[in-house]
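*Asks:* Here you go, sequence then predicted model.
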Amino acid sequence: MSQIIESILEFDLLQTVIMMAVTALLVIAYAVRVALKGRARYDRVDRQGGSIFMSKGLMEMGYWGLQPVARLCIFLHITPNMLTWVSLAFGLAAGVCLGVGHFGSGAVFGALSALLDALDGMVARLTGQGSQAGVVFDSAVDRYTEFFFVAGLVVYYRHIPVVQILALLTFLGAFMVAYSTAKSEAMQVTLPAKSPMRRPERALYLILGAALCPVTIPIFEVYRAYGKPIGHPMVLALCLVGVLANFAAVERLQIIARTAKSREQDQADKTRRDAVHSLRQSDELDSKQVSHSLRHP
């Protein structure tokens, strides 16, 4: 059993190293781009804005890195819906890998799923294929892929109740942030641009937590109290995302509730003003009628 675990760790460590190497190349390439031409600017990034947990510069680097891939997809006639379906498949693969303890593989599939999720919207905008139906489909797949990732962790940590509860708390926070966002859009309430733990941030920290586990497990988990690796970076990521996502969701819902209450109060005040105005007009009309009847008996 220990030999199987060690083989899994070696394979996962290789994938983590490859993923980090690709990320390092992207950072170097973007640093050269910034030095020569300045930062890459995108309207979508400007509208979304950054936050303390994911800077605007990091988002710009990601969009810049995906631009050539998006244009290649367009050249190959790959549609946004195709990318969304593949994103869903990778999300499911990430959940399965995490469920059996393949943290490195789970991180790679999770990263690919997240990148394809960003890529499908980019291709849709570049080709003018964006539609409300596509937005609904993309949002639904986002919820499924996030569920797959966390569900895999819930399965893996089934013998460690405390961490399993953290995973469930993380999913609750993700669900409530998504719900509050949908509610704010339906009620046309503007939420803070820098509100933390939006989906890209949650994906970044959860994937990073999984990717670092193959590095830390051989060093810090020589003795395993539960018979299998815990993966401390993954646990830390669950703590961070679980707590902050729920905090952000509560903050968002409070803003929505206050805005709704303010609108109701404004509407009530307007109704009272209209009623007083109507009453005054009625009194003035009655006074005119009485005055007219006195002058012309």
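*Replies:* Happy to help now that I have it. What you see is a predicted model, and the numbers here were worked out from it, not measured in a lab.
*Asks:* hey, let's count contacts and neighbours off CA atoms from now on
*Replies:* Fine.
*Asks:* mind checking pLDDT for the residue nearest to residue 191 when sequence neighbours are not counted?
*Replies:* Computed as Cα to Cα, 6 or more residues apart in numbering, the closest residue to residue 191 that is not its neighbour in sequence is residue 252, at 6.8 Å. Predicted confidence (pLDDT) for residue 252: 90.
*Asks:* In which helix or strand does residue 252 reside?
*Replies:* Using DSSP states H and E, residue 252 sits within helix 232-295.
*Asks:* before we move on, which element is residue 63 in?
*Replies:* When secondary structure is defined by DSSP H and E, residue 63 falls within helix 56-75.
*Asks:* so what secondary structure elements neighbour that helix?
*Replies:* Under the contact criterion of 3 or more Cα pairs under 8 Å, 6 or more residues apart in numbering; DSSP states H and E, helix 56-75 touches helix 2-37, helix 43-48, helix 103-127.
*Asks:* hmm, 7 Å instead?
*Replies:* Counting by 3 or more Cα pairs under 7 Å, 6 or more residues apart in numbering; DSSP states H and E, the packing neighbours recorded for helix 56-75 are helix 103-127.
*Asks:* Check which element follows the helix it packs on along the chain.
*Replies:* Elements were assigned by DSSP H and E; along the chain past helix 103-127, the next helix or strand is helix 132-156.
*Asks:* when you compare where that next one runs with where helix 103-127 runs, what's the angle?
*Replies:* Comparing the axes of helix 132-156 and helix 103-127 via axes from the mean of the first three to the mean of the last three Cα atoms, to 10 degrees yields an angle of 180 degrees.
*Asks:* Look at residue 285 and report its pLDDT.
*Replies:* Residue 285 carries a pLDDT score of 55 in this model.
*Asks:* Tell me how many other residues surround the residue nearest to residue 191.
*Replies:* The burial count assigned to residue 252 is 24, neighbours taken as other Cα atoms under 10 Å.
*Asks:* how close does it get to residue 103?
*Replies:* Residue 252 sits 32 Å away from residue 103 when distances are taken as Cα to Cα, to the nearest Å.
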